[in-house]
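*Asks:* Provide a 3D model corresponding to the input given below.
(2 chains)
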2 protein chains.
Amino acid sequence: MSVGLSPPEYLLIVKGVRLATVAAGIKSNQQSDLVLLTFDADTHCAGVFTRNAFSAAPVIVAKNHLAQTSPRALLINSGNANAGTGAHGLRNAQQCCALVADAIDCAENEVLPFSTGVIGEDLPMGKVEAAIERLLHELAADAWLQAANGIMTTDTIAKAFSRGLQLDGTDVTITGIAKGSGMIRPDMATMLAFVTTDAAVDSAWLQHCLESAVDISFNCITVDGDTSTNDACILAATGASGCRPLDGNGADSEAFQQAINQVLIQLAQMIVRDGEGATKFVTVTVQSAATPAEAKQVAYTIAHSPLVKTAVFAGDPNWGRILAAIGRAGIDDLDIDQVRVYLDEVCIVSHGGRDPTYTEARGQQVMEQDEITIRVMLNRGAEQAKIWTSDLSYEYVKINAEYRT
Amino acid sequence: MSVGLSPPEYLLIVKGVRLATVAAGIKSNQQSDLVLLTFDADTHCAGVFTRNAFSAAPVIVAKNHLAQTSPRALLINSGNANAGTGAHGLRNAQQCCALVADAIDCAENEVLPFSTGVIGEDLPMGKVEAAIERLLHELAADAWLQAANGIMTTDTIAKAFSRGLQLDGTDVTITGIAKGSGMIRPDMATMLAFVTTDAAVDSAWLQHCLESAVDISFNCITVDGDTSTNDACILAATGASGCRPLDGNGADSEAFQQAINQVLIQLAQMIVRDGEGATKFVTVTVQSAATPAEAKQVAYTIAHSPLVKTAVFAGDPNWGRILAAIGRAGIDDLDIDQVRVYLDEVCIVSHGGRDPTYTEARGQQVMEQDEITIRVMLNRGAEQAKIWTSDLSYEYVKINAEYRT
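*Replies:* This next block holds a predicted model:
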């Protein structure tokens, strides 16, 4: 089940990036589960990572390596998160880097490891080691779709997005892949997402560019309110397009930032559209709030409410549940007479109760759609927030009750 | 579905309290839906109410009346919450009080109204008015079980609890009823709960006694994290037992407080045991925290995690999800090497990973029980918190997807 998603179309090659994907046997179902990305020398790389205190071993190692040098390779496995694995897990993550470094002849700290899957089980290092040679043989510039498939866990569809742009007469490409479907409530970070470009980008600005884009994309989605131990988003710029280096100033940098924003928003929305058990794609917009934080707080309270999410699943315009969620979102001096709530363009709540123009039939019509916008106007300021989320279905319970069986 | 609950046993009469329950036709299924409690003169009454900004009309009226005088009657309807009904709803709640006041010959502000059920629909005042006469005829001292049934909505079983105690040689009784099954995450208040005693209790201390008891009972439960617009808990002391008035000092007051605590904890746990779709009763205990707030925060993060709740439903010792919840609970300087997690007495996590003594078989054995304790030791202080919650099942989704159909 996914909402309005189709398999990725043709994905653009990014000069300076090569990829390989194999089935190493980490997943029990023989599907592909190990992905290698290699970068040309002089690639700059930025990253944001989960703020979960129980960060997985690969997150700790990747952050550490990224702080020391520019990476030449990323090794990503699915099927096992290497999280909650203590000192042993750290050694395994480090060993992954050592194996790749040996194979492609770089330093160990020039490799970043990423893992996603079941928490608390040791990574099968024998299987990883046995697969490295095969990965080397597979490396190719046009293997994006296979890589997008190789990083999936409970995802039902591969997530990838490309776009090109011209910077000062030079053709530049951006291609990103992402995975994520459950345990989705990024906090200053994301699910696994790997975005590359052949633009040349100044190192310091690259990090800023990534953080700005994450803030309005991956940090605005939630499926179940659970922040993963393994969230990471990487943006790598190889510079192989030959464009002039971007440093955050001027129209080219602006255009590049917009393009990165677009790619990350697309990838983030794909994660929600493929949210575990999702049958609806819901945009929650909170407007005219006193502060950005308060807008986000109200939006997340609605987006996390199991009662709102089950009503959306049922296609039931049970606006009382939306109103109850707004009411418990923690705004102490909220004047409920000022609050207006809309389903798409249908006003459902005004003056603390049902809007006089509202009819159940009009609400029903909106709720029957696959894509719904819940819009709240607090009328107490000029700030706003937008969150994307999915509904709560039988299938969500089924997927998560049976995940390890 | 409920966990370890049977219909209430024999309930004790409380001198000075009479009750009546009828089917007024507010619910569409002809079940009882209107309950009247009357109190003798000189009854003292304390109350705590929802902090949801969208408080229902009856909550606003009840708080207002309670601040003015001591109530002689409570009128409680199920099937309609009279919430999100604006100025019209306030007039209807007021009109409920006027009807009862006329019938039993007291002042309008000596009546408190309570409503529970669907949000956003007008109370059918004609039906309420038509039922008042019948209620008067039904009034009796031993009608507690009928009243417990009359306030139910999605509850599958009536919730009531009695206990007696001797205060200075006088027999005193306490009987309480409660309802609630979904939209359960009380915040300084509760679902609907009405507790009465024939002890004589000083007015000021009665409120303190109630707040203390609510803090360790109704404020420690969660089913779905949604705080209702209609939560209220009333404690009425008629004084009809003839015991000496309690004022908070001495052994009798202490014994009374303990008894009230016990009644409220029993009622609160009944609500969780009958939580929507509940198949498991889960106690989440967080120990050795730096502050009480931090302990509660970690406990609620675990108790609200849909991933933990679905794993509990499946009987799956997926401790990685517990660990991920602890990690995202917002303790910035958490040292994960210090954290220990237990399922009942089985240690599952230590030193940031799986405890060396843990086996899947031992975890499985605990998870197969109907009642489970998840215990977290943070090892950073001396504070603790205990929260009671239920699991997340197919049935929860079904109940909430089909609630209005």
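*Asks:* going forward, measure contacts and count neighbours with C-alpha atoms only.
*Replies:* Will do.
*Asks:* Which residues of the stretch 251-400 of chain A lie near chain B?
*Replies:* A:305-307, A:310-311, A:313-314, A:316, A:319-321, A:323-328, A:331-332, A:334, A:336, A:351-354, A:392-394, A:397-398, A:400 (CA under 8 Å from any CA of the partner chain).
*Asks:* What subset of the residues you listed is buried?
*Replies:* Taking 16 or more other CA atoms under 10 Å in any protein chain shown as the criterion, what is buried in these is A:305-307, A:310-311, A:313-314, A:316, A:319-321, A:323-328, A:331, A:334, A:336, A:351-354, A:392-394, A:397-398, A:400.
*Asks:* burial count for A:Ile216?
*Replies:* Using other CA atoms under 10 Å in any protein chain shown, A:Ile216 has 18 other residues around it.
*Asks:* So which residue of chain A lies furthest out from the middle?
*Replies:* A:Pro356 (40.0 Å; CA atoms, centre = their mean).
*Asks:* which SS state does that one fall under?
*Replies:* coil (DSSP: H, G, I helix; E, B strand; the rest coil).
*Asks:* Quick check: the gap between it and chain B.
*Replies:* 11 Å (CA to the nearest CA, to the nearest Å).
*Asks:* A:Glu108 too?
*Replies:* From A:Glu108 to chain B the distance is 25 Å (CA to the nearest CA).
*Asks:* How many residues are close by that residue?
*Replies:* A:Glu108: 20 surrounding residues under other CA under 10 Å.
*Asks:* Next up, the contacts around it.
*Replies:* A:Cys97, A:Ala98, A:Val100, A:Ala101, A:Asp102 (CA atoms under 8 Å, 6 or more residues apart in numbering or on different chains).
*Asks:* Out of the residues you listed, grab the one that's most surrounded.
*Replies:* Highest neighbour count within the contacts of A:Glu108, by other CA under 10 Å: A:Val100, with 28 neighbours.
*Asks:* Say whether chain B is contacted by the helix or strand where it lies.
*Replies:* According to DSSP states H and E, A:Val100 maps onto helix A:86-104. Yes. Legend: contact between helix A:86-104 and chain B by CA under 8 Å from any CA is shown at A:Gly86.
*Asks:* Just give me how far stretch A:361-368 sits from the chain centre.
*Replies:* 30 Å (CA atoms, centre = their mean, to the nearest Å).
*Asks:* Equivalent analysis for stretch A:67-82, please.
*Replies:* With CA atoms, centre = their mean, you get 16 Å for stretch A:67-82.
*Asks:* So it, near chain B or not?
*Replies:* No. Between stretch A:67-82 and chain B, judged by CA under 8 Å from any CA, nothing touches; the nearest distance is 9.9 Å.
*Asks:* Kindly provide the whole-number mean pLDDT of stretch A:61-73.
*Replies:* The pLDDT scores in stretch A:61-73 average 95.
*Asks:* Mind listing what's buried along that stretch?
*Replies:* Here stretch A:61-73 shows A:Val61, A:Ala62, A:Lys63, A:His65, A:Leu66, A:Ser70, A:Pro71, A:Arg72, A:Ala73 as buried, counting by 16+ other CA under 10 Å.
*Asks:* OK, contacts around the last one?
*Replies:* So the one you mean is A:Ala73. A:Ala73 makes contacts with A:Leu36, A:Leu37, A:Thr38, A:Phe39, A:Val100, A:Glu110, A:Val111, A:Leu112, as judged by CA under 8 Å, 6+ apart.
*Asks:* repeat that for 7 Å
*Replies:* Residues in contact with A:Ala73, defined by CA atoms under 7 Å, 6 or more residues apart in numbering or on different chains, are A:Leu36, A:Leu37, A:Thr38, A:Phe39, A:Glu110, A:Val111, A:Leu112.
*Asks:* Return the subset of the buried ones among the residues of the stretch 251-400 of chain A next to chain B lying in strands.
*Replies:* Using DSSP state E, the subset of these located in strands is A:Gly353, A:Arg354.
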